[in-house]
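Q: I would like to see how this sequence folds:
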Amino acid sequence: MKGNAGLVCAPGPQEVQQQMVREQYTTTTEGTLIERPEDQCVYKIGIYGWRKRCLYLFVLLLLIILVVNFALTIWILKVMWFSPTGMGHLRVTKDGLRLEGESEFLFPLYAKEIHSRVDSSLLLQSTQNVTVNARNSEGEVTGRLKVGPKMVEVHSQQFQISSKDGKPLFTVDEKEVVVGTDKLRVTGPEGAHFEHSVETPLVRADPFQDLRLEAPTRSLSMDAPRGVHIKASAGKIEALSQMDIEFHSSDGMLVLDAETVCLPKLVQGTGVPSSSSQRLYEICACPDGKLYLSVAGVGTTCQESSQVCL
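A: Here you go, the predicted model:
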């Protein structure tokens, strides 16, 4: 038989013991004839030679790999600062995860709430932009805040800024913009520019500053259901126009209540000579609202100077 497992025709220990027992029994019992069993072949099975050396080498290699893996595991645990409470600066608490120091995230971060410590601020920094998304249960983006290098974009149905007590200070939606503060201050040198109508109960300048309402290329209109009140407590009011200035009252009268009312460029009526020595005039009005001067008399002289209205 080829190989290391050879065929040896020799009695084994058990056969030798059985043979001795039979011989002893034969000697003690005369007259009996017992046939001796023929010799049996015993197979020896094992690994010998180069196969045995390869097996020992393989076992030694496995032991070396096991020791190296164990050493690497210990090194990783030490380098990454693994502990029963977390890893490195990351701590696992009953309220969630606590991260101390600066951290860099290479992929999206999903969290229900992110806040800093009481004695420090929260800083989100990126070389490109910082984007915060809000999603619904189906995974669709319902709100987005994107802070880029040149612009801050907010995509939402409504944008609101509230005070610490919950009072809305600034609210924007598709229909209107609401400013909830007591005073809206515009500090730009060009003021505020409105392309459409503005509704407000009060327009007032800062102390010792002039208030100007100006329409460079169009008309300026001020409407109020219960009247428009224009007041200058420590200055004058000027109304300048390239075309006409109209004061219209649908149900009432126009009152100019002042110590002196000056109309320096009124047209003088032609019905009465202007060389009158009285130098007293009365103000007359045409049916279309045009004003003109007429020399005063005992009675009204407006009808005599009504040719101005023609």
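Q: where does the protein dip in pLDDT?
A: By pLDDT under 70, the weakly predicted segments of the chain are 1-44, 270-278, 304-306.
Q: Do a quick rundown of the helices in this protein.
A: Assigned by DSSP state H, the chain shows helices spanning 13-28, 50-79.
Q: Compute the number of surrounding residues for the closest residue to residue 211 other than its chain neighbours.
A: In space, and not counting its chain neighbours, residue 211 is closest to residue 205: 3.7 Å by CB to CB, 6 or more residues apart in numbering. From N, CA and C alone the C-beta is placed, and that goes for glycine too. Look at residue 205: counted by other CB atoms under 10 Å, it has 12 neighbours.
Q: same check, this time on residue 268
A: 14.
Q: Correct me if wrong: it contacts residue 291.
A: No: with contact defined as CB atoms under 8 Å, residue 268 and residue 291 do not form a contacting pair (11.1 Å).
Q: centroid residue for the protein?
A: residue 145 (3.0 Å; CA atoms, centre = their mean).
Q: distance of it from residue 55?
A: Applying CB to CB, to the nearest Å, the value for residue 145 to residue 55 is 65 Å.
Q: again, but for residue 240
A: Residue 240 is 109 Å from residue 55, by CB to CB.
Q: Comparing these two, which residue is more hemmed in?
A: Neighbour comparison, residue 240 and residue 55: the larger count goes to residue 55, with 11 against 6 (by other CB under 10 Å).
Q: and that one, what is it in contact with?
A: The contact partners of residue 55, by CB atoms under 8 Å, 6 or more residues apart in numbering, come to residue 47.
Q: and stretch 217-229, C-alpha only, in CSV?
A: Taking Å, rounded to 0.1, in the frame of the first residue of the first chain, the C-alpha atoms of stretch 217-229 are listed here in CSV:
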residue,chain,number,x,y,z
THR,A,217,-41.3,109.4,-12.4
ARG,A,218,-44.9,108.8,-11.3
SER,A,219,-47.6,110.4,-9.1
LEU,A,220,-47.8,110.2,-5.3
SER,A,221,-51.2,109.4,-3.9
MET,A,222,-52.3,109.3,-0.2
ASP,A,223,-55.7,107.9,0.5
ALA,A,224,-57.5,107.3,3.8
PRO,A,225,-61.1,106.5,4.5
ARG,A,226,-61.2,109.0,7.4
GLY,A,227,-58.7,111.6,6.3
VAL,A,228,-55.0,112.2,5.9
HIS,A,229,-53.2,114.1,8.7
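Q: So what touches it?
A: 213-214.
Q: gap between it and the chain center?
A: Taking the mean of its C-alpha atoms, stretch 217-229 sits 40 Å from the chain's own mean (CA atoms, centre = their mean, to the nearest Å).
Q: quick one: buried residues of it?
A: Judged by neighbour count using 16 or more other CB atoms under 10 Å, stretch 217-229 contains no buried positions.
Q: can you give me the strands in the stretch 151-300 of the chain?
A: All strands of the stretch 151-300 of the chain, identified by DSSP state E, counting those that start in this stretch, fall at 152-155, 158-162, 168-173, 177-179, 267-268, 281-285, 291-295.
Q: which of those strands is buried the deepest?
A: Most buried of the strands of the stretch 151-300 of the chain, by mean neighbour count (mean count of other CB atoms under 10 Å): strand 291-295, with a mean of 19.
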